[in-house]
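Enquirer: turn this into a model:
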Amino acid sequence: MFDILAITVPIYVAIALGYGLTRWGVFAKTDMRAFGTFVVKVAMPALLFNALSQRSLSDILNSEYVAAYALASLITLVLSVTWALKVLKTTRSMSACMGLGMTCSNSGFVGYPIALLSLGPIAGVSLALNMIVENLIIIPLMLAWAETGSGQQRWHQIFIQTLKGMLKNPMIWGIVLGFAFSWFSIQLPASLSRAVTLFAQASGALSLFVIGGSLVGLPVRGMESRVSQITFGKLIVHPLVMWAVLTWLIPISDPVLRTAVLLTCAMPIMGIYPILTQKHGHDGLSAAALLVTTMASFVTLNLLLWVLQTHGLSL
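Expert: Numbers count the residues shown, from 1 in each chain. Modelled structure (predicted):
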């Protein structure tokens with residue numbers, strides 16, 4: 001158990017440090033936004049580019065991984081949206097908010113550091129494949145579903161518009177360029193490669209620090225019921241659905257990637273979750289769910305890692 005804590009404790013210490021230094025006024029919340037922008041627009045794209053460009057295309061393009069992650073996330077989406085609409089009797093936008101919360105994992109800021117420490121260099125490939133599914137399927141689908149509640153546009157028009165917006169995401173371009181360099185076996189000059197690596201290495205600790213600082217001041221009171229449902233869906237239902245998919249539908253042949261995709265589904269909610277739901281007025285609930293899932297994931301992730309280690313599954 002101590003070797004598992006050696007993986008997870010540094011991750012949550014970095015998050016706690018970000019929270020504490022922001023809570024005590026050493027850094028301001030606006031500083032976290034600036035740091036986060038640097039991670040998203042510079043450090044993470046560099047990391048993704050490095051992870052993909054330095055591997056052969058056959059090592060990167062794992063259709064089993066993409067199919068399994070997409071299928072498990074879509075099943076969880078259907079379950080969460082159905083629960084919100086049929087049981088809770090919510091609006092479409094609220095069902096989309098709950099669906100996003102239960103399926104959009106923090107693959108970059110939390111998932112990558114944990115995967116890197118527990119699984120090694122394959123973490124970069126896992127991150128890129130996660131980004132493809134999240135940015136090209138899950139997020140556009142749920143944003144389009146939320147917009148259909150207004151009745152102003154058809155869902156497929158909204159979906160296409162959202163996809164076009166994703167093309168402005170620097171991380172998507174880090175993935176595209178990484179694939180291109182791998183495809184054509186292009187190598188950067190040594191000096192430029194070292195510069196890209198320097199920026200890539202900045203993503204790990206800084207991203208965790210940003211998550212901690214961003215949690216300061218997030219409200220929870222008055223939203224306990226739905227926050228607990230989103231938390232349960234993200235940290236319990238999503239990984240359980242992924243386990244079922246891996247067991248009976250798409251058994252990924254590579255045991256390391258199999259563990260990586262299971263860990264991905266067990267991660268807390270992605271940091272931009274409140275931003276995605278802000279347009280429809282659900283950013284307060286989203287921020288509260290982000291706080292609770294991040295805190296609760298320390299317990300659930302350690303438990304999952306222990307189970308995987310105990311049963312000798314790819315760790």
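Enquirer: hey, let's count contacts and neighbours off CA atoms from now on
Expert: OK.
Enquirer: now the helices: where do they sit in the stretch 151-300 of the chain?
Expert: Ranges of helices within the stretch 151-300 of the chain are 155-166, 170-183, 190-201, 203-214, 224-232, 238-244, 255-265, 273-277, 283-310, based on DSSP state H, counting those that start in this stretch.
Enquirer: and those: which comes nearest Leu79?
Expert: In terms of CA to CA, the element of those nearest to Leu79 is helix 238-244, at 10.0 Å.
Enquirer: and the closest one, what's buried?
Expert: If you call a residue buried by 16 or more other CA atoms under 10 Å, then helix 238-244 has these buried ones: 238-243.
Enquirer: circling back: any chance of the helices of the stretch 151-300 of the chain in a markdown table, plus distance to Ala70 and mean pLDDT?
Expert: Putting the helices of the stretch 151-300 of the chain into a markdown table (distance: least, CA to CA, whole Å; pLDDT from 0 to 100) gives the following:
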| stretch | distance to Ala70 | mean pLDDT |
| --- | --- | --- |
| helix 155-166 | 16 | 67 |
| helix 170-183 | 17 | 88 |
| helix 190-201 | 26 | 90 |
| helix 203-214 | 25 | 85 |
| helix 224-232 | 19 | 93 |
| helix 238-244 | 10 | 97 |
| helix 255-265 | 10 | 95 |
| helix 273-277 | 18 | 83 |
| helix 283-310 | 21 | 89 |
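Enquirer: deepest-packed of these, please.
Expert: Greatest average neighbour count among the helices of the stretch 151-300 of the chain goes to helix 203-214 (a mean of 25), per mean count of other CA atoms under 10 Å.
Enquirer: so what touches it?
Expert: For helix 203-214, contacts defined as CA atoms under 8 Å, 6 or more residues apart in numbering pick out 11-12, 14-23, 29, 32-33, 35-36, 39, 43-44, 47, 108-110, 112-113, 271.
Enquirer: buried subset of the residues you listed, written for PyMOL?
Expert: Only the buried entries of the contacts of helix 203-214 go into this PyMOL selection, using 16+ other CA under 10 Å:
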select buried, resi 11+12+14+15+16+17+18+19+20+21+22+23+29+32+35+36+39+43+44+47+108+109+110+112+113+271
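Enquirer: just to revisit the earlier point, so which of the helices of the stretch 151-300 of the chain comes closest to Pro121?
Expert: The stretch from those with the least distance to Pro121 (CA to CA) is helix 255-265; that distance is 10.6 Å.
Enquirer: tell me how many other residues surround Ala202.
Expert: Neighbourhood size, Ala202 [other CA atoms under 10 Å]: 17.
Enquirer: ok, now how distant is it from Ser225?
Expert: The spacing between Ala202 and Ser225, counted by CA to CA, to the nearest Å, is 37 Å.
Enquirer: OK, contacts around His280?
Expert: With contact set as CA under 8 Å, 6+ apart, His280 has these partners: Ser93.
Enquirer: quick one, which of the helices of the stretch 151-300 of the chain is nearest to Ser80?
Expert: Ser80 lies closest to helix 224-232 among those, at 8.6 Å (CA to CA).
Enquirer: alpha carbons of that closest one, in CSV - could you do that?
Expert: C-alpha atoms of helix 224-232 as CSV (Å, rounded to 0.1, in the frame of the first residue of the first chain):
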residue,chain,number,x,y,z
GLU,A,224,-25.2,18.5,-2.0
SER,A,225,-27.6,16.1,-3.6
ARG,A,226,-26.7,16.7,-7.2
VAL,A,227,-23.0,17.1,-6.4
SER,A,228,-23.0,13.7,-4.7
GLN,A,229,-24.8,12.1,-7.7
ILE,A,230,-22.2,13.6,-10.2
THR,A,231,-19.4,12.5,-7.9
PHE,A,232,-20.7,9.0,-7.7
